[in-house]
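>>> Sequence below, structure please.
(chains A, B and C)
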Amino acid sequence: MPELPEVETVRKTLEPLLINHKIIGVRILLNKVIKDPDILIFKKRILNQTIRQVQRKAKLLIFVLDDDVLLSHLRMEGKYYYQKQDDLINWKHVLLVLDLDNGYQLRYHDTRRFGTFHLQTKTTYQSLKPYINIGPEPWSQEVTSDYLKNKWKNKKQKVKTALLDQTTISGLGNIYVDEVLFAAKIHPETTVNKLNNQNLTAIISNASKILKLSIELGGSTIATYTSSLGVRGSFQDYLQVHMRVNQQCFTCKNIIQKSKVNNRGTYFCNHCQVKK
DNA sequence: CTCTGGTCCTGTACGC
DNA sequence: TGCGTACAGGACCAGA
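All right, here's what the predicted structure looks like:
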């Protein structure tokens, strides 16, 4: 589920619950979710640190502790539950548990087991993976049509693929890229070196607009069977193309198409979105 | 260097 | 009902 608006919704929900609570226990039920440091060091270092803030960059959650930051990436299916130690839960897909000093637990749940954690020091994490690979968010001052033109001038990548690459513009995933390209009237298979100034400006402004609107609406909830923290957004009701194959385009009434672009399901209107 | 496709996983939907 | 297959919102990595 989680692209930038969904992760922001999780951040906003978690921060007031966790702030100023100390981690007094840690349980790791699947070792491979901890990318660094080694498990034993991870457990020892995180213990007795207090959660001071919950931040976010693009899709990466950043739990700011006393000395370290805990970086959490939800990938496809990661969710958090905040429950008392004896509250019932289906433990099958819980991969990590933090015990807090107020009797509650923060439980990380991930059916597909793609999520990742890094514990790094506050002073260095911004120059290390995974943070360093995350480019600016669409509303960053840095993101201008000249910036994109420079990044893309010699590239033959399809624009859909280029926008999923988090190093140039961050925060968009498969849903929002389809929506941004529809709003910008650009066909997803257009190669990025063919985009003109107007196209680039339209990508930036629509990416900002769509992500901000979705944040206001609590993100999108698509095919989410378990609600984590009661987080259910409503942006899915405003989707123009994503998940609308064989339905009529709201703009021109032609039929929405679905194809694969670099192996990702891609929805578009081939009348409104002209290929260059 | 750029770009593509496979891969990590489990669960669900759908066709036969 | 059962089985096989395709697919799912992300990102990394090998290899062309």
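>>> what does the stretch 1-150 of chain A put close to DNA strand B?
A:32, A:92, A:93, A:111, A:112, A:113, A:114 (C-beta under 7 Å from any atom of the strand). Yep, even glycine has a C-beta here, placed from its N, CA and C like the rest.
>>> Could you list the low-pLDDT ranges of chain A?
Under the criterion pLDDT under 70, the flagged ranges of chain A are A:1, A:223-231.
>>> How is it partitioned into domains?
The record assigns chain A these domain ranges, following automatic domain parsing: A:4-133, A:145-268.
>>> Could I have the buried ones of the residues of the stretch 1-150 of chain A next to DNA strand B as ChimeraX selection syntax?
With 16 or more other C-beta atoms under 10 Å as the criterion, this ChimeraX line picks the buried residues out of these:
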select /A:93
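>>> from the residues of the stretch 1-150 of chain A next to DNA strand B, which is closest to DNA strand B?
The shortest approach to DNA strand B among these belongs to residue A:112, at 3.3 Å (C-beta to the nearest atom of the strand).
>>> Not counting sequence-adjacent ones, nearest residue to the closest one?
Excluding the flanking residues, the one nearest residue A:112 by C-beta to C-beta, 6 or more residues apart in numbering is residue A:77, at 4.5 Å.
>>> mind checking the SS state of the one you found?
Here residue A:77 is recorded as coil under DSSP: H, G, I helix; E, B strand; the rest coil.
>>> mind listing which of the residues of the stretch 1-150 of chain A next to DNA strand B are in strands?
Counting by DSSP state E, none of the members of these fall within strands.
>>> Reformat the residues of the stretch 1-150 of chain A next to DNA strand B as JSON lines; add distance to residue A:15.
Compiled in JSON lines, these are given as follows (distance: C-beta to C-beta, whole Å):
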{"residue": "A:32", "distance to residue A:15": "27"}
{"residue": "A:92", "distance to residue A:15": "28"}
{"residue": "A:93", "distance to residue A:15": "24"}
{"residue": "A:111", "distance to residue A:15": "25"}
{"residue": "A:112", "distance to residue A:15": "26"}
{"residue": "A:113", "distance to residue A:15": "26"}
{"residue": "A:114", "distance to residue A:15": "24"}
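>>> can you give me the strands in the stretch 1-150 of chain A?
Assigned by DSSP state E, counting those that start in this stretch, the strands in the stretch 1-150 of chain A fall at A:21-28, A:34-36, A:50-51, A:53-57, A:60-64, A:68-73, A:79-84, A:94-100, A:104-109, A:116-121.
>>> Can you verify my assumption that residue A:245 contacts residue A:267?
Yes. At 6.1 Å, residue A:245 counts as touching residue A:267 under the criterion of C-beta atoms under 8 Å.
>>> list residues touching both of those two?
Residues within reach of residue A:245 and of residue A:267 at once, by C-beta atoms under 8 Å, 6 or more residues apart in numbering, are A:256, A:257, A:258.
>>> Identify the bridge partners of the second one.
So that's residue A:257. Beta-bridge pairing of residue A:257 under DSSP bridges involves residue A:268.
>>> ok, it touching residue A:265?
No. At 11.2 Å, residue A:257 and residue A:265 do not qualify as touching, with contact defined as C-beta under 8 Å.
>>> Between the two, tell me which one has more neighbours.
Per other C-beta atoms under 10 Å, whichever of residue A:257 and residue A:265 has more neighbours is residue A:257, with 18 against 13.
>>> Tell me which residues touch that one, please.
Residues near residue A:257 by C-beta under 8 Å, 6+ apart: A:245, A:267, A:268, A:269, A:270.
>>> does residue A:195 really touch residue A:152, like I thought?
Yes. Between residue A:195 and residue A:152 a contact is recorded at 6.8 Å, counting by C-beta under 8 Å.
>>> Give me the more crowded residue out of these two.
Taking neighbours as other C-beta under 10 Å, residue A:195 and residue A:152 compare with residue A:195 leading, 23 against 19.
>>> export stretch A:212-219 as CSV, just CAs?
Output of stretch A:212-219 as CSV, limited to C-alpha atoms (Å, rounded to 0.1, in the frame of the first residue of the first chain):
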residue,chain,number,x,y,z
LYS,A,212,-0.6,16.8,-1.2
LEU,A,213,-4.3,16.1,-1.9
SER,A,214,-3.8,12.5,-1.1
ILE,A,215,-2.1,13.3,2.2
GLU,A,216,-5.1,15.5,3.2
LEU,A,217,-7.4,12.5,2.4
GLY,A,218,-5.2,10.1,4.4
GLY,A,219,-3.8,8.3,1.4
